[in-house]
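Enquirer: Got a predicted model here, sequence first, then my questions.
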Amino acid sequence: MNNINYIKDIRSLVGNQNIILNFAGGVLVNNKNEILLQRRSDSKLWGLPGGAMELGETGQETCEREFLEETGLQVNAKSLLGITTNFQVTYPNGNQAQCVVIQYIVEKISGNLNKNNLETDDLNYFSEQNLPKIFNSQHEQAIAAYFSGNYPFFD
């Protein structure tokens with residue numbers, strides 16, 4: 001089943017009410033210990049590549065699929081970075097959700113960075129000292145945990 005239809009089907013039943021949505025993504029590091037960030041086309045802010053879980057998919061599969069879709073890179077989720085479960089969001093259309101996000105540390109298998117998709121405006125590697133404004137506190141927490149070495153983390 002297509003994830004967009006799944007969420008759309010739920011929304012047709014509950015409207016803008018608060019629901020739980022599951023997401024997965026990850027941290028990819030280059031040889032300078034810089035992390036890959038994606039400037040999102042919706043908010044124009046930077047975050048870790050990742051997205052919504054589809055029915056029947058594992059967190060690892062979601063992370064790896066989303067990386068390919070959003071960056072052009074095939075990756076392998078090699079270890080757990082952390083899980084956040086208590087982030088509330090109200091989307092511009094009024095939909096509310098509690099977001100559960102599983103973050104992995106990933107390694108590149110193949111591919112080249114490709115920002116030609118609907119969700120990505122730009123892709124770039126950033127050092128801890130040169131981070132741009134991050135689009136939400138869940139991603140900020142994951143990035144901080146990675147750079148501090150304090151993982152796996154959970155809330």
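Expert: Arrived safely.
Enquirer: Please count neighbours and contacts with C-alpha atoms only from this point.
Expert: Will do.
Enquirer: packing partners for the top strand by length along the chain?
Expert: Assignment by DSSP state E gives strand 73-90 as the longest strand of the chain. Packing partners of strand 73-90 (3 or more Cα pairs under 8 Å, 6 or more residues apart in numbering; DSSP states H and E): helix 59-71, strand 96-111, helix 137-148, strand 153-154.
Enquirer: which one of these is the most hemmed in?
Expert: Mean neighbours per residue, mean count of other Cα atoms under 10 Å, is largest over those for helix 59-71, with a mean of 23.
Enquirer: Apart from its neighbours in sequence, what residue is nearest the spatially most central residue of the chain?
Expert: For the chain, G50 is the residue whose C-alpha lies nearest the centre (Cα atoms, centre = their mean; 2.8 Å). Nearest residue to G50, sequence neighbours excluded (Cα to Cα, 6 or more residues apart in numbering): G25, at 3.7 Å.
Enquirer: The one you found belongs to a helix?
Expert: No: per DSSP: H, G, I helix; E, B strand; the rest coil, G25 lies outside any helix segment and is strand.
Enquirer: check contacts around it.
Expert: Taking Cα atoms under 8 Å, 6 or more residues apart in numbering, we find G25 in contact with 48-51, 62-64, 66-67, 101-104.
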